[in-house]
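Return atomic coordinates for the entry below.
(chains A and B)
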Amino acid sequence: MNDGLAPMVKIEVVVNASDTAFVEALVRAEGATGFTAVEGLTGFGHGGRHQGRLVFNETGGQSLVITVLPEDRLDGVVAGLRAFFETHPGVMFVSQTWVSRPEYFTRDANP
Amino acid sequence: MVDSSLRGVIRLLTLLLAGAVAAVAWVFADGPRVTPSVRVDALGTSATIGLGIDRVSVLLLLLVVFLALVAAGFGERQLDLVPARRFAARLLGCVAALAVTVTAPSLPVLAVGWTASALAVVALVDVAGTPASRSAAGLVRRRLLVGDAFLWAGLVAAAAVFTDLDRAAVGRVVADASDGAVLVVAALLVVAGAARSALVPFHRWLPETTAAPTPVSAQLHGGFVNGLGVLGVLWWPLFAASAPARVGLIAVGVVTALVTTAQMRARADIKGRLVSSTSAQMGYMAIELGVGVPGAALLHLLGHGCYKATLFLGSGSAVRPGARAHAHRTPGPVAWAFAALLALALVSAAAALGFPASGLAAVVLLGAAWVTVTAALAPVLGSDRTAGHPAVLTVGVLALAALALALIAGFEDVVAASLEPGVTWSTGVAITLGALIVGAALLGVVLDRAARRGGLPRLHAWARRAALPPRLDRPGLGSSVEPLSRPTAPVSPGERAETRARVEEAARVVAPTYPLTAFVASNPLARLESLPVEEALRRVGAARGDLDLTGFGPLHGEEPCTDAALRAVLGERFALLPVLRAHENTDPRSDARPEVPDPVMVDAARVALARVRPEPPGVATVGELVDRACGTAVIDRTTNETALWCAAWADAEISAWPLPAGAGLWAAWRAAALPGSDRALGAPGFAAAVAALPARADEAVAVLLDAMAIPAADQVDVLARSLGRLPGWAAHLGWRVAQRHDDGAQPAELLAVLLAYEALLADAVARRWLGCPGQLPAVRGALGARGIDAAADARSAAALDLAVGAAALGIDADHLAAGGVEGDARIEELLAFDAAARAMVWARAAEERDRTPLLHSVVAQAGTPTRPRTRAEVQVVCCIDVRSERLRRNLEATGGVETFGFAGFFGVPFHYVPAGASDGIDQCPVLVSPRNTVGESAAAGADRALAAVLGRRADGATIRGSGHAVETEPLAPFALAESLGAFMAVGAAARTFAPATATALLPGRRDAAPSRVDLDGTAGFTLDERTYLAEAALRTFGLTRDFAPLVLLCGHDASTVNNPYGTAYRCGACGGQGGAPNARVLAAIANDDAVRARLAERGIPIPADTRFVAALHDTTLDRVTIIDRDAVPDAWSDVLATTERRLAVATEATAHERWIRRPGLERVPRDGRAALRAAARRSADWAQVRPEWGLAGNLAFVAAPRTLTAPLDLDGRVFLHSYEWEHDREGAALEVILTAPLVVAEWINTQYWCSAAAPEAFGAGDKALHNVVGGFGVLTGPRGDLRVGLPRQGVFAADGTRVHQPRRLLAVVRAPRALVDAIVQRTPVLTQFVDHGWLDLATLDPETGVLERRTTAGGWEAWAAGAAGGEDVPTAPLLTEVPT
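Predicted coordinates for the structure are as follows:
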């Protein structure tokens, strides 16, 4: 798999739409150079079923925030999310991934 | 209903004014008079007691009486929360004292009037009676009396050296006396005048007066603060004779002008800016007196009084909503150069034509005029030439300036004789003084320019700090601040991320609040909606400490809740009913507490508490503990300072000196606040200690929490308590994070500032006075060692609560103290039944009582068909806003009209850029971010007309820019006051006594432009999008067949003037804007043939003879206007004309009904026409604090066909959304309704609920005390926390009754229960609302007519009539049958 690809860590977080701002700010503050957010998720979990995209309400559903960072920037994000999940609903998945342009993810996020 | 005392005062003052005018005419014709008087000889001197009138004094008298009249007129409408009698009496006292002062024929009379007016003013400052105004009045009294002491000393000195103390004789006695004696008397009088006129160093009392209502400030700044000028012109020969005294005047004036102008540039609040500007103007007046041009000083005094009073009264318009129509282009150096040349030409012409008076007067006045005209012309010359008429404006400005100069010249001529002798300076002295004055002016300009670019941080910080109370609450440390003892190891990413998460959790006690430029109702508890309501209130109560929950139940005078109703709510806990009653506070206006139980009982309760709940409730912070132990005011001082810097950082409108751009609050505070902070706080080493803290706010918070040794488990509580000290600013910052995506406003930034102050200062105090570091365990230990129990208050309160409850249940003291398992279970039960729990029981009981009639009626109407039987001639679609209900009902009564309810943005969210605007505004609920942009362009064939309108608007903007430049350039305002004062006086009087006429004549009212909305821009709506939105809209409110020939889409808006809360009356669904653009857009889409073709394919055939037309309902005026009327083709003119007739009838009936049904809006007009006139008057009245009631009274939300509710008179209290389940079996439209309009309605409801139940904590207070800050919010008084929520006048009537009774929203949906339940279950937002008690949900089955209500446990229960406690259904005004 590693023909010229560099290893990175991927974190995927599913949270209420109203909490996305916190997650986004957290990952950026801890050195992620970017993230992708997918809104309007449908699913089922501890809180029961939740519906996907609502026509005139972007704050009522759930979102998925995906970010990729080098392993040395992982601690902050994980610690923050752990503490966050003590009082808020959501899940996070941490997995290994490989990227083709590692310099994208290792540049200084907060110059 | 309206207290007649102020009316009486107005009549009296009008008579006095007439008398003063007559006196002016008489004196100018005949010469000076002294009315019957008594001559007194004593102590080697003599004086006349009586009234002395000459040209100068009669002009001053005219000013005093006129301004008092305007203040009284304004106060009549604005001051409903202040007893009118009190204000009237104090105002009259002030006028009388000032009249005595200005007409005093001799020094002793003057001194008496002088001190009497000081006392009267102090009484006026305290007229509101709040603790803040009382302490402000105390400070003002102390400072003023110090000044008065100098006046009396001057009187004594004069009695010693002069043989005659009369004004008429002053020239003679001064010539006879020695220079030294004259100097002593003059110097003492100068100091007295300087204190009165708020010159340096006496200038700190004036800002405190903004704690008083606006009319008091107007009277104060207009008629009282000019004391120095009054002394100077009335007793001019005394000052003319003493050159050293005059030099002193010049020096004081120059220093004051420099210092207070700097302070003015740095103020973020409008009233503070006006106050500092007054001091500067008084300094300028002192310079004029010192230089020897008393005529100019008199003119300045008169002009400035009117000018400043008008600005104060109009300070509510410092909030400017809507899109920016034309940005000010700052004029470049070329524009300035041209402006200076043109102004010089004008001024030279005036000089050549023989500007009168001595060379000195001419130099001063013409110099000031030159500066002002330059400042006014520069924006005109630098403006955009493509729209607007700069040439016309240039000529206009020059003509105005020439007129002003002519008036000044005329005035000088007239008063010159009364103000002899003239003054001459030797050439050397004249040049020196001139150089001093000009040099100071240039220095001021240079410093200002540097500070505007962000330089001079020390000056900037010092100027900002002027907004703090004058040294009243310094922490009084007497020791130095040490850097934190923790070794500065860098904070690990894990630690700071955990801190972020804790901050996020703590910040839930504060919900974002919208700025007043686009005020959208929001729930102050919004971020705690995932908790039950009770729990949310507990959390906020723990953080705030000032939360009084008694307002959730009935107040004194309101309908009490019956035992049966309470029993129904308590259910299984009904044994606690006696406890509830025992805690009942029947009169919130008295300090009476529930009967205090036996002290034995309270002691027993203490014992029981210690056993059952040994942990003290809540966590006090280090600062709070240290304050308690040492008697310092660390927390108060740091709260004030932090609020000041929040305002400075968030302000982009009002102050001229910006903080470092682009920096977050923490970084900006570190850069701007630290210079000079050591001295300001009395804490050497503070700045260095802060500089040693991390640059990142989250790291700083982690370090500070660690430094105070707060255990991890308590950190969230401590952080919440810190935020709870400034909930308003925290809420504003929350908005910036959520809506503006501003990372620099994260709660960690605010917490870093708060904690830095607290940790460092408390540490210094603790080390000095307690001998321990400022850490939580250490300080607790130190308190314990001194026998101080930090939690004593909280424990006492809890013990009292428990004792009352136990007594009510008949538990005796011994059992309480002894406890035992069963006993302790009862105690636990009592402890769980705390204030929050009891408040919710009261709330629920009252809600059930008020909802029952509605539910009855809805059930009774269950079988009605979903559309009317006869085809309507016109269909009107209104916003669901509760105010539409009246209009719809009255419209339907005219026959042939079918109405629908739909969200006011009509389902089309977009970013709207009006014609000629430089940026746009979002026209949609804040739940949605618009993806499309809509512009405004000329209607067919109306290009020229639109261009003309835009040209006029551009002119208006240029004039405003010009006015803005003159007000804010450091030198220009000085001459402006003289020239414009008279005009503004006329304007102020007109706006107060003939508001409708005056506002109609005001430039800048919205000009109707012949335009159309432009959907075809690059980010406009594609055909697919248009079809989708049109279909979604029509299906959601259920108009998919049987179209009438005319479909009116009626958005709503509100028109008020001088009202910071103006946007609160607008459409919440349109993001706090008016609904006209959305109505126009949907109409354009629905009239589009291509769209109609597609809609027909999708099952919505719109016939060719149906036309959609946009309209706007102005809820303040109760007027409905058809928009784009000219664009409607002739085929529809008949039906349009009929519709307009129907609307006219309906709006008359609506306006009349509004008056009858809602109390407190003055005497009821006799018919609809009179009601409309009264509404127009209220809307145009700049003093009116209740132009309309808005959504007060909102109670329920109904989603059903209109036929269900049409027969009912719902009294404007229900949100009505049209919904027809029969054509929406899958529930797609229902889901839209429940997840968007219902959510917005819930926010509105909770905002009103909290503002009515806890007005101090969740409301914005009295509008008369409001002080616009930053252009987006208000403070109460001169400083402090930003106010959030609704002002008292939005919820309470003038007599203190609640017009909005706090009731949570009841949502009634006509749809099968299973469908609604499924939607609720899969939408967490809705589940949260219903499960946690934020709103109540009921369904009416369309087929069976059974009403079911959802319980908080998640189940449903059928509702039967009589279920609420078996009592009679009261006949509320809500829901009588409408006569058909």
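
Got the phi and psi for B:Phe312?
When read as degrees, to the nearest 10, the backbone of B:Phe312 gives phi -70, psi -50.

got the contact list for it?
Applying C-beta atoms under 8 Å, 6 or more residues apart in numbering or on different chains to B:Phe312 gives the contacts B:214, B:217-218, B:221, B:271, B:274. In short, each C-beta sits where N, CA and C put it, glycine included.

Distance-wise, check it relative to B:Trp666.
35 Å (C-beta to C-beta, to the nearest Å).

what do you get for B:Val877?
49 Å.

any chance of the contacts of B:Phe312 in TSV, plus distance to B:Ala1252, neighbour count and secondary structure?
Output for these, formatted as TSV (distance: C-beta to C-beta, whole Å; neighbours: other C-beta atoms under 10 Å in any protein chain shown; DSSP: H, G, I helix; E, B strand; the rest coil):
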residue	distance to B:Ala1252	neighbour count	secondary structure
B:Thr214	24	27	helix
B:Ser217	29	28	helix
B:Ala218	30	28	helix
B:His221	34	27	helix
B:Lys271	27	26	helix
B:Leu274	32	23	helix
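
So which of those is the closest to chain A?
Nearest to chain A out of the contacts of B:Phe312 is B:Lys271 (C-beta to the nearest C-beta; 34.5 Å).

Wait, that closest one touches B:Ala218, no?
No - when contacts are counted by C-beta atoms under 8 Å, B:Lys271 is not listed as touching B:Ala218 (10.9 Å).

Pretty sure B:Val928 sits in a helix.
No - B:Val928: not assigned to a helix; according to DSSP: H, G, I helix; E, B strand; the rest coil it is coil.

Nearest spatial neighbour of it, chain-adjacent residues omitted?
Closest residue to B:Val928 apart from its sequence neighbours, by C-beta to C-beta, 6 or more residues apart in numbering or on different chains: B:Pro909 at 4.8 Å.

Now that neighbour: phi and psi?
According to degrees, to the nearest 10, B:Pro909 has phi -90, psi 130.

B:His911 too?
Torsion angles, degrees, to the nearest 10, at B:His911: phi -100, psi 120.

what's it in contact with, if anything?
Here B:His911 is in contact with B:920-923, B:930, B:932-934, B:1019 (C-beta under 8 Å, 6+ apart).

could you redo the last one with a cut-off of 7 Å?
By C-beta atoms under 7 Å, 6 or more residues apart in numbering or on different chains, the contact list for B:His911 reads B:920, B:922, B:930, B:932-933.

How many neighbouring residues does residue 64 have?
Since no chain was named, I'll use chain A. By other C-beta atoms under 10 Å in any protein chain shown, 19 other residues sit near A:Leu64.

let's do chain B instead
The burial count for B:Val64: 30, using other C-beta under 10 Å.

Spell out the secondary structure type for it.
Relying on three-state DSSP, one would call B:Val64 helix.

so it sits right up against B:Ala99, yeah?
Yes - the criterion here is C-beta atoms under 7 Å, and B:Val64 meets it with B:Ala99 at 6.3 Å.

Which parts of the stretch 1-150 of chain B are helices?
Along the stretch 1-150 of chain B, counting by DSSP state H, counting those that start in this stretch, helices occupy B:4-30, B:55-78, B:84-102, B:107-125, B:131-161.

Spell out which parts of the stretch 851-1000 of chain B neighbour chain A.
Applying C-beta under 7 Å from any C-beta of the partner chain, we find that the stretch 851-1000 of chain B lies next to chain A at B:925, B:927-929.

By mean pLDDT, flag the weakest helix or strand of chain B.
Taking mean pLDDT, DSSP states H and E as the measure, the helix or strand of chain B with the lowest value is strand B:1376-1377, at a mean of 44.

pLDDT weak spots in chain A?
A:1-2, A:109-111 (pLDDT under 70).

Checking the one residue sitting closest to the centre of chain B next. Helix, strand or coil?
Of all residues in chain B, the one closest to the mean position by C-alpha atoms, centre = their mean is B:Val1274, 3.5 Å from it. Judged by three-state DSSP, the three-state class of B:Val1274 is strand.

Now do the contacts for it.
Contacts of B:Val1274 by C-beta under 7 Å, 6+ apart are B:1060, B:1260, B:1266-1268, B:1283.

Check whether B:Gly314 really touches B:Trp1182, as I assumed.
Yes - at 6.3 Å, B:Gly314 counts as touching B:Trp1182 under the criterion of C-beta under 7 Å.

Compare the two and say which is more crowded by neighbours.
Using other C-beta under 10 Å, the more surrounded residue of B:Gly314 and B:Trp1182 is B:Trp1182, with 23 against 20.

how many other residues sit next to whatever residue of the stretch 101-250 of chain B ends up closest to chain A?
Distances between the stretch 101-250 of chain B and chain A by C-beta to the nearest C-beta are smallest at B:Ala132, namely 35.7 Å. When neighbours are counted by other C-beta under 10 Å, B:Ala132 registers 18.

Report the contact partners of it.
B:Ala132 neighbours (C-beta under 7 Å, 6+ apart): B:211, B:1277.

Can you get me the start-to-end distance on stretch B:1244-1261?
18 Å (C-alpha to C-alpha, to the nearest Å).

about what we covered before: show the backbone phi and psi for the spatially closest residue to the residue nearest to the centre of chain B that is not a sequence neighbour.
Residue nearest to B:Val1274 in three dimensions, not counting chain neighbours: B:His1266, with 4.2 Å by C-beta to C-beta, 6+ apart. Backbone torsions for B:His1266, taken as degrees, to the nearest 10, come to phi -70, psi 150.

Quick check: B:His1266 vs B:Asn640, distance?
From B:His1266 to B:Asn640 the distance is 18 Å (C-beta to C-beta).

Would you mind telling me which of these two has the busier surroundings?
In this view B:His1266 and B:Asn640 are compared by other C-beta under 10 Å, and B:His1266 has more residues nearby, 26 against 20.

And that one, how far from chain A?
Using C-beta to the nearest C-beta, to the nearest Å, we find B:His1266 at a distance of 30 Å from chain A.

got it, and B:Arg613?
Distance of B:Arg613 to chain A, given as C-beta to the nearest C-beta: 23 Å.

give me phi/psi at that residue?
phi -130, psi 80.

and what of B:Gly1074?
Per degrees, to the nearest 10, the backbone of B:Gly1074 is at phi -80, psi 160.

mind listing what it touches?
Here B:Gly1074 is in contact with B:1051, B:1053, B:1066-1067, B:1112 (C-beta under 7 Å, 6+ apart).

how many other residues sit next to residue 66?
Looking at chain A here, since you left the chain open. With other C-beta under 10 Å as criterion, A:Ile66 counts 15.

could you do chain B instead?
When counting by other C-beta under 10 Å, one arrives at 24 neighbours for B:Phe66.

Thanks a lot, see you next time.
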